[in-house]
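In: sequence isn't available, so here's the structure alone:
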């Protein structure tokens, strides 16, 4: 087992776009790249064979919130992790469930200890906190796992976004501590990516980038965008984050799936 490695191969002479290679225990990922979303163990309407042969997907995304509710961690562990459960031998990234909790605004309550929410399936109540989310992602077995964060809605007042960012940083520390206490499962390394928050406030975004960078993680993610802000704000705050995150680490722009948004982010700020 080896920690994720990133090799920066090319840097554009015009703009800031770049190309590199991420190496995980399940193979290489050529960046920049788009991750198909396999929410509950399958990319909709596409077989794993098609993902490999026709699309050449080098990494796919699984959703912690949905996989936790169904089929559940016991099934994941019995199968030997998500890779074996879905018959996929290339890298997988799992989100932390933070965005799904954000989208369940009418059915959740956020506290410093964690988030209490109701299942969209049967209404049952569940608690997500940093420790539990790390345990769930251990059971799922992704190569890249995301820190538990709060994604503030847009628009939000400055004071709320600041408190939300501080909570995300507090939870990040707990995520790192939990991973240090627990072993990797299934014979491969699981790599934690912190998530930058801070809404559409430049000083908060910079502060979050500084805090995230201080953790010296193998990669970093930019969250809290593509949640209702204008396209120009999406580009401006992506650029701001990229200018304040380590240049020798991969950067994951979360939640952006519109082709022209992806292309613009790659061309200008990757």
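Out: Yep, it's here. Just so we're clear, the structure is a prediction, and the values are computed from it rather than from any experiment.
In: and stretch 250-265, which residues are buried?
Out: By 16 or more other Cβ atoms under 10 Å, the buried positions in stretch 250-265 come out as 250-256, 261-262, 264-265. In short, each C-beta sits where N, CA and C put it, glycine included.
In: end to end on it, go ahead and measure it.
Out: End-to-end span of stretch 250-265 (Cα to Cα, to the nearest Å): 14 Å.
In: thought residue 130 was touching residue 168?
Out: No: with contact defined as Cβ atoms under 8 Å, residue 130 does not reach residue 168; the gap is 10.0 Å.
In: quick one, which of these two is more surrounded?
Out: The residue with more neighbours, out of residue 130 and residue 168, is residue 168; 27 against 24, by other Cβ atoms under 10 Å.
In: residues shared between the contacts of residue 130 and residue 168?
Out: Taking Cβ atoms under 8 Å, 6 or more residues apart in numbering as the contact criterion, the common neighbours of residue 130 and residue 168 are residue 147.
In: in stretch 7-25, which residues are buried?
Out: So stretch 7-25, judged by 16+ other Cβ under 10 Å, has buried residues 17-20, 22, 24-25.
In: how about residue 170, nearest residue that isn't a chain neighbour?
Out: residue 112 (6.9 Å; Cβ to Cβ, 6 or more residues apart in numbering).
In: hmm, residue 168 and that neighbour touching each other?
Out: No: under the contact definition of Cβ under 8 Å, residue 112 does not touch residue 168, with a separation of 11.3 Å.
In: in stretch 215-225, which residues are buried?
Out: Neighbour counts over stretch 215-225 (16+ other Cβ under 10 Å) mark 215, 217-225 as buried.
In: quick one: mean pLDDT over that stretch.
Out: The average pLDDT within stretch 215-225 is 97.
In: what is the neighbour count of residue 52?
Out: Residues lying near residue 52 (other Cβ under 10 Å) number 14.
In: residue boundaries of the strands in the stretch 51-200 of the chain?
Out: For the stretch 51-200 of the chain, the strands defined by DSSP state E, counting those that start in this stretch cover 60-63, 92-95, 108-111, 114-118, 125-128, 144-146, 191-193, 195-196.
In: can you put these in TSV and add distance to residue 82, mean pLDDT and mean neighbour count?
Out: Shown next, in TSV, are the strands of the stretch 51-200 of the chain (distance: least, Cβ to Cβ, whole Å; pLDDT from 0 to 100; neighbours: other Cβ atoms under 10 Å):
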stretch	distance to residue 82	mean pLDDT	mean neighbour count
strand 60-63	6	96	23
strand 92-95	6	97	26
strand 108-111	25	87	14
strand 114-118	22	91	19
strand 125-128	18	94	16
strand 144-146	11	98	26
strand 191-193	15	98	23
strand 195-196	20	98	28
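In: so which of these is nearest residue 203?
Out: strand 195-196 (13.1 Å; Cβ to Cβ).
In: any idea how far residue 174 lies from residue 209?
Out: Taking Cβ to Cβ, to the nearest Å as the measure, residue 174 falls 20 Å from residue 209.
In: repeat that for residue 252.
Out: The value you get for residue 252 to residue 209, if Cβ to Cβ is used, is 14 Å.
In: one more: residue 162?
Out: Between residue 162 and residue 209 the distance is 15 Å, computed by Cβ to Cβ.
In: ok, these two, which is more surrounded?
Out: Neighbour totals were compared for residue 162 and residue 209, and residue 209 leads with 23 against 19 (other Cβ under 10 Å).
In: next, count neighbours for the spatially closest residue to the more buried one that is not a sequence neighbour.
Out: Once flanking residues are discounted, residue 209 sits nearest to residue 244: 3.7 Å by Cβ to Cβ, 6+ apart. Residues lying near residue 244 (other Cβ under 10 Å) number 17.
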